[in-house]
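J.: Here is my input, please return the structure:
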Amino acid sequence: MNREERNSLIGTMTTLCYLEKDDSYLMLHRVKKKNDVNQDKWIGVGGHALAYESPEDCLLREVKEETGLTLTSYRFRGIVTFALKDVETQYMCLYTADGWEGTLDYNCPEGDLEWVLIKELESLNLWEGDRVFFQLLQENRPFFSLKLEYDSDELIKCVLDGKELELTAF
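T.: Next comes the predicted model:
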């Protein structure tokens, strides 16, 4: 097996962070990039790790790039494995943050930033699997491992800490 084949088996690492303030999350409406798998979806801030970056390196860099803020207080909440049919597996390190320095720059190159009340998240155009980890975050669940299998935009399987969940629960 050559290096390229080996790397394709490993997948890629990403980070995603929800900044929390006044019962709201800072959300990113992905409307600015062309050929974006997240086009028109609402997600947190974050992105792909660069070579030799740790999850924390990636988190801090991506939040700074997309918001202008420097995180001072954050928590690693879980690892989310995205298994999409015919797409490289992604391992997403999920964070929340409640402390930062700087001034929020709403001119994000990825999309439109907006503070959204947590109780109103359900009304947004979200990935189905995001609803699962939002529930886990609201339950203040300890560190978790969540695997989300998709066929195109459809969530077909959800596994939490090694146990398959019924999709109707979310």
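J.: Tell me where the longest helix sits in the chain.
T.: helix 55-67 (DSSP state H).
J.: what's the following helix or strand after it?
T.: strand 70-84 (DSSP states H and E).
J.: Please identify the buried residues of that next one?
T.: 71, 74, 77-80, 82-83 (16 or more other Cβ atoms under 10 Å). Backbone N, C-alpha and C define where each C-beta goes, glycine included.
J.: Show residues contacting it.
T.: 16-17, 55, 59-60, 63-64, 89-102, 129, 133, 136-137, 141, 143-151 (Cβ atoms under 8 Å, 6 or more residues apart in numbering).
J.: and if you look at stretch 42-58?
T.: By Cβ under 8 Å, 6+ apart, stretch 42-58 touches 12-19, 25-30, 59, 61-63, 65-67, 76, 92-93, 95, 108, 110, 113, 116, 121, 124-127, 130.
J.: so how far is it off the chain centroid?
T.: For stretch 42-58, the separation from the chain centroid amounts to 9 Å (computed by Cα atoms, centre = their mean, to the nearest Å).
J.: Please export the C-alpha coordinates of that stretch as PDB.
T.: The C-alpha coordinates for stretch 42-58 follow below in PDB (Å, rounded to 0.1, in the frame of the first residue of the first chain):
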ATOM      1  CA  TRP A  42     -25.800  26.400   9.700                       C
ATOM      2  CA  ILE A  43     -22.700  25.100  11.500                       C
ATOM      3  CA  GLY A  44     -20.200  26.200  14.100                       C
ATOM      4  CA  VAL A  45     -16.800  27.700  13.300                       C
ATOM      5  CA  GLY A  46     -13.800  25.500  12.400                       C
ATOM      6  CA  GLY A  47     -12.200  23.600   9.600                       C
ATOM      7  CA  HIS A  48      -9.600  21.200   8.500                       C
ATOM      8  CA  ALA A  49      -6.300  20.700  10.300                       C
ATOM      9  CA  LEU A  50      -3.100  21.500   8.600                       C
ATOM     10  CA  ALA A  51      -0.100  19.200   8.600                       C
ATOM     11  CA  TYR A  52       1.400  18.700  12.100                       C
ATOM     12  CA  GLU A  53      -1.500  20.600  13.800                       C
ATOM     13  CA  SER A  54      -3.000  19.200  17.000                       C
ATOM     14  CA  PRO A  55      -6.700  19.500  17.400                       C
ATOM     15  CA  GLU A  56      -6.200  22.600  19.700                       C
ATOM     16  CA  ASP A  57      -3.800  24.200  17.200                       C
ATOM     17  CA  CYS A  58      -6.500  23.800  14.500                       C
END
